[in-house]
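S.K.: give the three-dimensional model of this entry:
(one chain, ligands or ions: 1)
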Amino acid sequence: MTQPSDKALVPFVSVDNMMRLIHHAGIEQMLRDLADYVEEDFKRWELFDKTPRVASHSDVGVIELMPTSDGEAYGFKYVNGHPKNTSEGLQTVTAFGLLADVYTGYPVLLTEMTMLTALRTAATSAMAAKYLAPKGATTMAMIGNGAQSEFQTLAMKAIIGLKSVRLYDKDAAATRKCARNLQGLGIEVVSCKTPEEAIEGAQILTTCTADKQYATILTDNMVGSGVHINAIGGDCPGKTELAAGILSRSDVFVEYPPQTRIEGEIQQMPEDFAVTELWEVISGKKPGRTGDRQITLFDSVGFAIEDFSALRYIRDRIKGTDYFIDLDMLADPDDPRDLFGMLQRAKA
Ligand code: NAD
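M.R.: Purely as a prediction, here's the structure:
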């Protein structure tokens, strides 16, 4: 069968190609570039279509669709969250995403997003820390040493100059894995036996655990004044990581309040609990950190605009490279109304 040369093909970035691209770009450079794309989109936050993600919950996990558009491009991510998966040899979080042209509605990119989600989440955390963490923060406690943990650590190193990370996980094997992976990457790694030990001397406390319950990874008395909390793991109804008392003592920064009130740490608080939207800080409309004793808390759940930024980055980055293959996923007959004729000709 002959294929018309102007066939509408869609660039597809596989996991293998994504990994090649990350190595080619250098992971820290890619985290910085992604943070720039996310920051750019947070600065034009108001023009995006926004909706809390569409979630389908089961007893063991959640499957979500995360759509948004800036009027020129439309993007969505498919992502799951299944904390029990690791015990079955599967990832907790996997994802893929698509970017389309709003003018034609045609997809312009399909990509794996499991790696890309880890990168964009870490880049967003570090971008938030740039505005919220104590100036000159050098040490981070990393509680939860699973799939996201090395990315979180490296983004803080690349973007705010983190020098030391103190690891803790309830599963010592996860801590050993994380420490091993971070070896030789230019950051001091201290493995700890308790969460209390991990937070000693840390100016940034990152919680990135996976458990479908109201967990208390940090209790109120563990959090002293002046720290920045980067709370990543509480991102689903019924799934939190922080004692409510910490929220009352903190200035809480969120991505998109209607989604975070359902999914974030603040689901524990009254509906009118005061929060600041991170985009307002980034656009200079509201202050971030204002004092040395202030506790800042980024209640991260992951919002569609961050995925849109990551998709936009990949679309731009793969142009002229071989980090993708073309997919024949659009039936695009020469005569647009002759879809049936195209089918008949294919039989010949
Ligand atoms: P993972 O399953 O690979 O790792 C989670 C780790 O948490 C495991 O090593 C587990 O042993 C540890 N853990 C569980 N309970 C703990 C406890 N009480 N104390 C200490 N450690 C504990 O998961 P992951 O891919 O690293 O993701 C972590 C969490 O982050 C998930 O809940 C995921 O949904 C969330 N996440 C959020 C975003 C976002 O944008 N906010 C993005 C990606 C993932």
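S.K.: contacts only, for the residue nearest in space to the middle of the chain.
M.R.: Taking CA atoms, centre = their mean, the centroid of the chain lies closest to Thr121, which sits 2.4 Å from it. Contacts for Thr121 were tallied using CB atoms under 8 Å, 6 or more residues apart in numbering; they are Gln148, Phe151, Gln152, Ile232, Ser300, Gly302, Glu306. For every residue, glycine as well, the C-beta is placed using N, CA and C.
S.K.: past the helix or strand that contains it, which element shows up next along the chain?
M.R.: Per DSSP states H and E: Thr121 is located in helix 114-132. Under the assignment DSSP H and E, the closest C-terminal helix or strand after helix 114-132 is strand 139-143.
S.K.: does the following helix or strand past that following strand pack against any helices or strands, and if so which?
M.R.: Note on strand 139-143: by DSSP H and E, the next helix or strand toward the C-terminus is helix 149-160. On a contact count with 3 or more CB pairs under 8 Å, 6 or more residues apart in numbering; DSSP states H and E, helix 149-160 meets helix 27-43, helix 114-132, strand 139-143, strand 164-168, helix 172-182, strand 204-207.
S.K.: in a markdown table: the ones you listed, plus distance to the ligand and mean pLDDT.
M.R.: Formatted as a markdown table, the helices and strands packed on helix 149-160 follow (distance: least, CB to the nearest ligand atom, whole Å; pLDDT from 0 to 100):
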| stretch | distance to the ligand | mean pLDDT |
| --- | --- | --- |
| helix 27-43 | 11 | 98 |
| helix 114-132 | 4 | 98 |
| strand 139-143 | 6 | 98 |
| strand 164-168 | 6 | 98 |
| helix 172-182 | 4 | 98 |
| strand 204-207 | 8 | 98 |
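S.K.: rebuild those as JSON lines, extending it with distance to Glu64.
M.R.: Formatted as JSON lines, the helices and strands packed on helix 149-160 follow (distance: least, CB to CB, whole Å):
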{"stretch": "helix 27-43", "distance to Glu64": "19"}
{"stretch": "helix 114-132", "distance to Glu64": "11"}
{"stretch": "strand 139-143", "distance to Glu64": "24"}
{"stretch": "strand 164-168", "distance to Glu64": "28"}
{"stretch": "helix 172-182", "distance to Glu64": "24"}
{"stretch": "strand 204-207", "distance to Glu64": "20"}
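S.K.: tell me which of these sits nearest to Arg20.
M.R.: Of all these, helix 114-132 sits nearest to Arg20, with 10.9 Å by CB to CB.
S.K.: circling back: now do the helix holding Thr121 against helix 27-43, angle only.
M.R.: Angle between the axes of helix 114-132 and helix 27-43 is 70 degrees (criterion: axes from the mean of the first three to the mean of the last three CA atoms, to 10 degrees).
S.K.: can you pull the alpha-carbon coordinates of helix 114-132 into CSV?
M.R.: Output of helix 114-132 as CSV, limited to C-alpha atoms (Å, rounded to 0.1, in the frame of the first residue of the first chain):
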residue,chain,number,x,y,z
THR,A,114,6.5,8.4,33.9
MET,A,115,10.1,9.8,33.7
LEU,A,116,8.8,13.2,32.7
THR,A,117,6.4,13.4,35.7
ALA,A,118,9.3,12.6,38.1
LEU,A,119,11.3,15.4,36.4
ARG,A,120,8.4,18.0,36.2
THR,A,121,7.4,17.3,39.8
ALA,A,122,10.9,17.8,41.0
ALA,A,123,11.4,20.9,38.9
THR,A,124,8.2,22.4,40.3
SER,A,125,9.2,21.6,43.9
ALA,A,126,12.6,23.3,43.4
MET,A,127,11.0,26.3,41.6
ALA,A,128,8.6,26.7,44.6
ALA,A,129,11.6,26.3,47.0
LYS,A,130,13.4,29.1,45.1
TYR,A,131,10.6,31.5,46.3
LEU,A,132,9.7,29.9,49.6
